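Novice: Sequence and predicted structure are below.
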Number of protein chains: 4
Amino acid sequence: MIVVLALDTPQEVLDAVRDRIESHPGLTAQVFNGVQRIVVGVLGSIPPDLKDELEVIPGVTEVVPISKPYKMASREFHPDNSTVTVGDAVIGGPEPIIMAGPCSVEDEEQMVSTAKAVKAAGAKVLRGGAFKPRSSPYSFRGMGVEGLELLSIASKETGLPIITEVMSPADVDTVARYSDILQIGARNMQNYNLLDEVGQLDKPVMVKRGLAASYEEWLLAAEYVMAGGNTQVILCERGIRSFESSTRFTLDVAAIPVIKRLSHLPIIGDPSHSTGHWYLVSPVALAIIAAGAHGLLVEVHPNPDVAKCDGPQSLTFENFRSMMDQVKAVSGVTRIMAATT
Amino acid sequence: MIVVLALDTPQEVLDAVRDRIESHPGLTAQVFNGVQRIVVGVLGSIPPDLKDELEVIPGVTEVVPISKPYKMASREFHPDNSTVTVGDAVIGGPEPIIMAGPCSVEDEEQMVSTAKAVKAAGAKVLRGGAFKPRSSPYSFRGMGVEGLELLSIASKETGLPIITEVMSPADVDTVARYSDILQIGARNMQNYNLLDEVGQLDKPVMVKRGLAASYEEWLLAAEYVMAGGNTQVILCERGIRSFESSTRFTLDVAAIPVIKRLSHLPIIGDPSHSTGHWYLVSPVALAIIAAGAHGLLVEVHPNPDVAKCDGPQSLTFENFRSMMDQVKAVSGVTRIMAATT
Amino acid sequence: MIVVLALDTPQEVLDAVRDRIESHPGLTAQVFNGVQRIVVGVLGSIPPDLKDELEVIPGVTEVVPISKPYKMASREFHPDNSTVTVGDAVIGGPEPIIMAGPCSVEDEEQMVSTAKAVKAAGAKVLRGGAFKPRSSPYSFRGMGVEGLELLSIASKETGLPIITEVMSPADVDTVARYSDILQIGARNMQNYNLLDEVGQLDKPVMVKRGLAASYEEWLLAAEYVMAGGNTQVILCERGIRSFESSTRFTLDVAAIPVIKRLSHLPIIGDPSHSTGHWYLVSPVALAIIAAGAHGLLVEVHPNPDVAKCDGPQSLTFENFRSMMDQVKAVSGVTRIMAATT
Amino acid sequence: MIVVLALDTPQEVLDAVRDRIESHPGLTAQVFNGVQRIVVGVLGSIPPDLKDELEVIPGVTEVVPISKPYKMASREFHPDNSTVTVGDAVIGGPEPIIMAGPCSVEDEEQMVSTAKAVKAAGAKVLRGGAFKPRSSPYSFRGMGVEGLELLSIASKETGLPIITEVMSPADVDTVARYSDILQIGARNMQNYNLLDEVGQLDKPVMVKRGLAASYEEWLLAAEYVMAGGNTQVILCERGIRSFESSTRFTLDVAAIPVIKRLSHLPIIGDPSHSTGHWYLVSPVALAIIAAGAHGLLVEVHPNPDVAKCDGPQSLTFENFRSMMDQVKAVSGVTRIMAATT
């Protein structure tokens, strides 16, 4: 951490800065007289609130963090890629893992037929929402536990493991009982009580990026889960909010190589929520895979025009099969390249 | 709601659109042949998911909502201003109500001295965080129930009612026992289980705008609370996330007159979190008041340079008094003007 | 165009709206009484300022455009893909065209060696900046006409056509004399005098998306060029400004399929400027190609660590060759898929 | 400037960093061994491209600028406020200066009546557009020189000095002949040839903030003008582009105190373009003044519903008078406060 002060800073202020730093056991301050500024370097392991403590001292112009505030989620902490295994799927390995299914669970026939169709096309994980976050209180909000039961039936029929969203700390145990991966949705990425709660589990957790979350805040959300003891974390880029309103969100495709550089955690992408239109799902899915993601989360519905939720962005079985053929082709090519570089 | 189709849309598609609309009891479709497009108008009270249902029909180019998705929060539903009363404070009336106090409760001396100081300067509500949402799991996360006790002591000493944040549905009853207004933080604006829970209370709730929330999403968050039966809702503009990173967030000052036009609910502004720097708090507070807000939420600390949280954006007692003098002067002037126009 | 009014709108206002619409030759108004609103549809070819004219009438709640404001750039105007041909390169055809070279022209050796290297690796167009837009007036701003001369030498040595930026209407003729494609930079996307000027040429123009430009504004910038008579327009997605500051800009990969749907114009992507870091260029380039772009614009430098501009985002010759191998593999696969779907 | 490297950085890399720094005359490098990182401080006056030069050295993790890249525009360069005087108006002094008039010049009667009305209400500068930047090539683009003539007539009738926009370097001399302040519009904030050209004048220039410009980029645009020798620069906050689309742009009210801290240049605000709706102009204007701005730029039209441009955001004469009464009241109060603090 670097503390910047004006050249004419009085000695008392400099002393206050040094004292504040050295009041933390293990930290030392090193003063560095520039031509235009005085800079104080902080040596040691930086406590998370030190920036605030120093910024408040009158005379301090700027405090620049150098170390990253996340530890366990960082590539430095764990230089090799992590993998998360559920059923047949190794997420974070060389093969991209496709997770597919409807936005919301509606009935047994819908879930079982979708599970069979996505499995046949190559998906390794079944998705489906039983607890649905909806902008309006008057929208369909999911079937709840009954939906989890239907997911379970579809999983048993096909052998596909399940990923499903949990929205409230009180539901964590129930959802964990029925699912193989718990999903933290974008709107709950900074619901810290929920992150604490899933951090207590011995079960994989997928953390979607918040609509306005920086890479650092997103990795800190993963850190919350890991700090609780649960290191089986997967990240999912699902689009950020930008000024462009023709698509539902703006998929930040560069997030994939950036996160792979900063963190060892697996990262997948969601072309359905980010675009909001089924005809954009395939090209964006291919982009995500080509950028090096470890997988995809895709909405598929037997009959999108009667879906209770997110119909416009859901693929039919046929469109999903076609997308999967393309994904396999692109990932085949990029895996060969990765192996030889 | 308006459904847009291409001029050469086949009759079957038009029929499908009409059938889908008229499958909802009380809705009728009216076709309107343009020169470049066919437009179908939907007559009746629009269900929240109709847009999705129609967008998915192949041939539909665009679906344009005309009515607003929020009802009870809208100015149309309740043409006069709503007010929320706590203690001496009528929020939503002609006098701006200032809520002030530290970011986080730290000890009795801090809370009581701050309560006295802000009361003396004219604040009508005491703020203080016992449950703190923090980006890093390693930051100080608040004193919890012990903090609520200290808030209570400070409230008893001064007679000031309390506003404090609640982060989890499980904590709602406890927080409600100790506080007069429950605050839903920006990061939890779309934590729907939490909104449902505070919607069951007979106690005021302040809903802060999410970092990336549109006016519509924010009013829908208020609608969640109101749909549960609790109509005592206050809104708080606290800055949105933009590309500008010199300030912590970007305070959207136009939100104040826009929300007053769209909704009857009281709206206040937070100059502390939005700017992140104490020296910006006063000018931004005056701007919020001049734009017509019903109040302010301001961070004040007896000694910001040892604050456990948000020190850089906290005002000293002296700075707060000086800000209050200015706020009173500006609001005096604008109240006179409002009375005469 | 749809005009929305309140149910209780007085007849005079309705008449004013109708009169204003029908004062434009060829337009007619059609009133449509809803349950919650009155809606007036406008039939005919909408003048660009009609929205403003109607919004200003007291009682009008909202004016919703239905038609797109761009005409010649739209897919409806020209249902088939357009192509732009320079040298060997057909931009907009099945093969992605790679344009590569240094950020800025520095000397003959640099330009000729780079031209040879990028040609050997498969690039079809040589890029290089002679007039450079720089945020600071104290940065290197390009060699000007001398730089164009060096580009010309490199072009003659290799046969590669040239793309280079023009920043001012006064320079258009000069730049056009030396180049095969004129580039309008992101910062000048709404420099309308410049767009008018290049609209007079019989030479291809590439319009980069502005940092904060919507799809509609970007296509309107293309429309400016086309309205002047020059239909050889190429679009380039180069990243938009978002709140995420770890990358230089946020590449909006969905822009590629969206623009291909809205417009017939070729669209390419720029992985160098959007990311700002050489190690992100390859993955983002592959994503752009996989999403269906007609080409790439990439910065390559013989020795990035002495480059006068944008060194951190420039590829070495070796990294460029490696990227090209991957691009060919991915585009081979996606072309096969496109051919069979 | 601070260069960050990993702890295990080989000595050759450290040497390369030091050599690159010290290859610039007057710079020295100072190495600082941290516990988790090595940090190299750069002493001396930093050239604008040094960041790029250092980032490209393999092994360099991050380069953090400490000094600001603008010089003449900075508060450090000129600790006292600058003022710009035109006619009776001292912009940057204690009294806020209101500049008002129509979006575009339409005819003599319109200009003269508006000039008289805004003068009577207290405006000190007359605005009016003769060259208009419009998103669509088919919109009305201004009367050009004929419009400048009409502005001149209105100025002579009332004695009000004129501010008007210049869009192209070729028009600078003509526009300068007719006007007292030249306006650089938001879309041209990074049109560097235009900035260079107005930098040659001995006449005030107002630089509007670009839609996506950071404070630093905006001050660098001012620096372009000043580096040319013209120090009479005024800044204007006119709203940035955010995800919120209900208002035309998002006025960043905190920009006013931030810019006053970073720079000595006068700063005004534009409540008309930022909001896009006349009924939001007054509250946002008051907010701008209360935040400490040196003035306002406001659109006024004798008959907004027949305006050729921006009718929806223009005030009538009566609304302008009412806004002016409020502005005077608020600025009276804030001036008294500033005088006593």
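Specialist: Sure, I can see it.

Novice: helix/strand/coil for residue A:148?
Specialist: Following DSSP: H, G, I helix; E, B strand; the rest coil, the label given to residue A:148 is helix.

Novice: how much space between the closest residue to it other than its chain neighbours and residue A:99?
Specialist: Leaving out its chain neighbours, the residue that sits closest to residue A:148 by Cβ to Cβ, 6 or more residues apart in numbering or on different chains is residue A:178, at 3.9 Å. In this view, the C-beta of every residue, glycine as well, is placed from N, C-alpha and C. Per Cβ to Cβ, to the nearest Å, residue A:178 is found 16 Å from residue A:99.

Novice: Who has more neighbours out of the two?
Specialist: Legend: neighbour count by other Cβ atoms under 10 Å in any protein chain shown for residue A:178 and residue A:99, higher for residue A:99 (28 against 18).

Novice: Next up, the contacts around that one.
Specialist: Going by Cβ atoms under 8 Å, 6 or more residues apart in numbering or on different chains, residue A:99 touches A:123, A:124, A:125, A:126, A:127, A:163, A:268, A:295, A:296, A:297, A:298.

Novice: Greatest separation within those: which pair is it?
Specialist: In the contacts of residue A:99, two members sit farther apart than any others by Cβ to Cβ. They are A:126 and A:268, at 14.7 Å.

Novice: Count the neighbours of residue A:81 for me.
Specialist: Residue A:81: 15 surrounding residues under other Cβ under 10 Å.

Novice: Would you check how far apart residue A:193 and residue B:169 are?
Specialist: Counting by Cβ to Cβ, the gap from residue A:193 to residue B:169 is 9 Å.

Novice: Now for the two: what residues contact both?
Specialist: When contacts are counted by Cβ under 8 Å, 6+ apart, residue A:193 and residue B:169 are jointly contacted by residue A:169.

Novice: How many residues are close by residue A:202?
Specialist: Residues lying near residue A:202 (other Cβ under 10 Å) number 9.

Novice: Pretty sure it sits against residue A:225.
Specialist: No - using Cβ atoms under 8 Å, residue A:202 is not in contact with residue A:225; the gap is 11.9 Å.

Novice: what about the helices in the stretch 151-300 of chain A?
Specialist: Listed in chain order, the helices of the stretch 151-300 of chain A (DSSP state H, counting those that start in this stretch) span A:172-178, A:192-199, A:215-227, A:255-262, A:271-275, A:278-290.

Novice: returning to what we had before: closest to chain C among the contacts of residue A:99?
Specialist: Nearest to chain C out of these is residue A:296 (Cβ to the nearest Cβ; 12.5 Å).

Novice: Show the contacting residues for that closest one.
Specialist: Each residue near residue A:296 by Cβ under 8 Å, 6+ apart is listed here: A:96-100, A:268-271, A:285, A:288-289, A:327.

Novice: Could you rerun that using 7 Å?
Specialist: A:96, A:98, A:99, A:268, A:269, A:271, A:285, A:288 (Cβ atoms under 7 Å, 6 or more residues apart in numbering or on different chains).

Novice: Please apply the same query to residue A:117.
Specialist: residue A:317.

Novice: Apply 10 Å and report the result again.
Specialist: Going by Cβ atoms under 10 Å, 6 or more residues apart in numbering or on different chains, residue A:117 touches A:100, A:101, A:123, A:158, A:300, A:302, A:316, A:317, A:318, A:320, A:321.

Novice: Quickly find the element holding it.
Specialist: Residue A:117 is part of helix A:108-121, with elements assigned from DSSP states H and E.

Novice: Pull out the buried residues from that helix.
Specialist: If you call a residue buried by 16 or more other Cβ atoms under 10 Å in any protein chain shown, then helix A:108-121 has these buried ones: A:110, A:111, A:112, A:113, A:114, A:115, A:117, A:118, A:119, A:121.

Novice: Next, format those as JSON lines and append pLDDT.
Specialist: Putting those into JSON lines (pLDDT from 0 to 100) gives the following:
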{"residue": "A:110", "pLDDT": "96"}
{"residue": "A:111", "pLDDT": "97"}
{"residue": "A:112", "pLDDT": "98"}
{"residue": "A:113", "pLDDT": "97"}
{"residue": "A:114", "pLDDT": "98"}
{"residue": "A:115", "pLDDT": "98"}
{"residue": "A:117", "pLDDT": "98"}
{"residue": "A:118", "pLDDT": "98"}
{"residue": "A:119", "pLDDT": "98"}
{"residue": "A:121", "pLDDT": "98"}
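
Novice: and the residue nearest to residue A:148, what pLDDT?
Specialist: Looking at residue A:178, its pLDDT stands at 97.

Novice: Name all residues that make contact with the nearest residue to residue A:2 once chain neighbours are set aside.
Specialist: Leaving aside its chain neighbours, residue A:2 sits nearest to residue A:64 (4.3 Å; criterion: Cβ to Cβ, 6+ apart). By Cβ under 10 Å, 6+ apart, the residues touching residue A:64 are A:1, A:2, A:3, A:4, A:39, A:51, D:2, D:4, D:62, D:64, D:65, D:66.

Novice: separation between the second one and residue A:63?
Specialist: Going back to what we said before, that points to residue A:2. Residue A:2 is 7 Å from residue A:63, by Cβ to Cβ.

Novice: Distance check, whatever residue of the stretch 51-200 of chain A ends up closest to chain C against residue D:62.
Specialist: Using Cβ to the nearest Cβ, the closest approach of the stretch 51-200 of chain A to chain C is made by residue A:68 at 11.1 Å. Using Cβ to Cβ, we find residue A:68 at a distance of 10 Å from residue D:62.

Novice: Tabulate the contacts of residue A:99 in CSV, adding columns for pLDDT.
Specialist: Formatted as CSV, those follow (pLDDT from 0 to 100):
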residue, pLDDT
A:123, 98
A:124, 98
A:125, 98
A:126, 98
A:127, 98
A:163, 98
A:268, 98
A:295, 98
A:296, 98
A:297, 98
A:298, 98
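
Novice: what about the longest helix anywhere in chain A and chain B, any contact?
Specialist: When chain A is parsed with DSSP state H, its longest helix is helix A:317-340. No - against chain B, helix A:317-340 shows no contacts by Cβ under 10 Å from any Cβ of the partner chain, the least distance being 11.8 Å.

Novice: helices or strands next to that helix in the packing?
Specialist: Secondary-structure packing of helix A:317-340 (3 or more Cβ pairs under 10 Å, 6 or more residues apart in numbering or on different chains; DSSP states H and E): strand A:97-101, helix A:108-121, helix A:278-290, strand A:295-299, helix C:278-290, helix C:317-340.

Novice: can you give me the angle it makes with helix A:278-290?
Specialist: Relative orientation of helix A:317-340 versus helix A:278-290 (axes from the mean of the first three to the mean of the last three Cα atoms, to 10 degrees): 20 degrees.

Novice: Quick check: residues of chain A near chain D?
Specialist: Checking chain A against chain D by Cβ under 10 Å from any Cβ, the hits are A:1-2, A:4, A:6-7, A:26-28, A:30, A:32-37, A:39, A:41-46, A:61-62, A:64-68, A:76, A:211-212, A:240-245, A:249-250.

Novice: Many thanks, we can stop here.
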